[in-house]
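# Would you be able to build a 3D model of this:
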Amino acid sequence: MTRVVHRFGHSSLHVRQASIERGTTFEEELGLDPARYAAHGGAFPVVVRPVGPVGVVVSGLPQLADHRMVVAAIRAHLGR
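Below is the predicted model:
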């Protein structure tokens, strides 16, 4: 999952969902090695402006719960 974030610059859930919305799957669309690239919810990029990407958050919760938890934590940290 972290490889997906590093390669595409978006959360792994976003990358997975984008493929679905294009009528395919991540695996079919990109043909990347599934042992190295898993587009399942669970990895979220940490970006610091103006520095850029500085890391990836992974919690290990189920896909949607993981994504929501990370978004809520970042929003709380930023005071939003």
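# Spell out the residue ranges of the strands in this structure.
With DSSP state E as the criterion, the chain has strands at 43-48, 52-58.
# Within the sheet, what are the partner strands of the last one, with directions?
Looking back up the chat, that one is strand 52-58. strand 43-48 (antiparallel) (DSSP bridges).
# Check what contacts the strand it pairs with and list those residues.
With contact meaning Cβ atoms under 8 Å, 6 or more residues apart in numbering, strand 43-48 is reached by 1-2, 4-5, 9-12, 53-58, 66-67, 70-71, 74. Using the backbone N, CA and C atoms, a C-beta is placed for each residue, glycine as well.
# picking up where we left off before, which one of the strands of the chain lies nearest to L78?
Nearest to L78 among the strands of the chain is strand 43-48; the distance by Cβ to Cβ comes to 11.4 Å.
# Can I get the closest one as PDB, trimmed to CA atoms?
The C-alpha trace of strand 43-48 is given here as PDB (Å, rounded to 0.1, in the frame of the first residue of the first chain):
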ATOM      1  CA  ALA A  43      -2.200   4.000   3.300                       C
ATOM      2  CA  PHE A  44      -2.500   7.800   3.300                       C
ATOM      3  CA  PRO A  45       0.100  10.300   2.100                       C
ATOM      4  CA  VAL A  46       1.500  13.000   4.500                       C
ATOM      5  CA  VAL A  47       2.300  16.100   2.600                       C
ATOM      6  CA  VAL A  48       3.900  19.200   4.100                       C
END
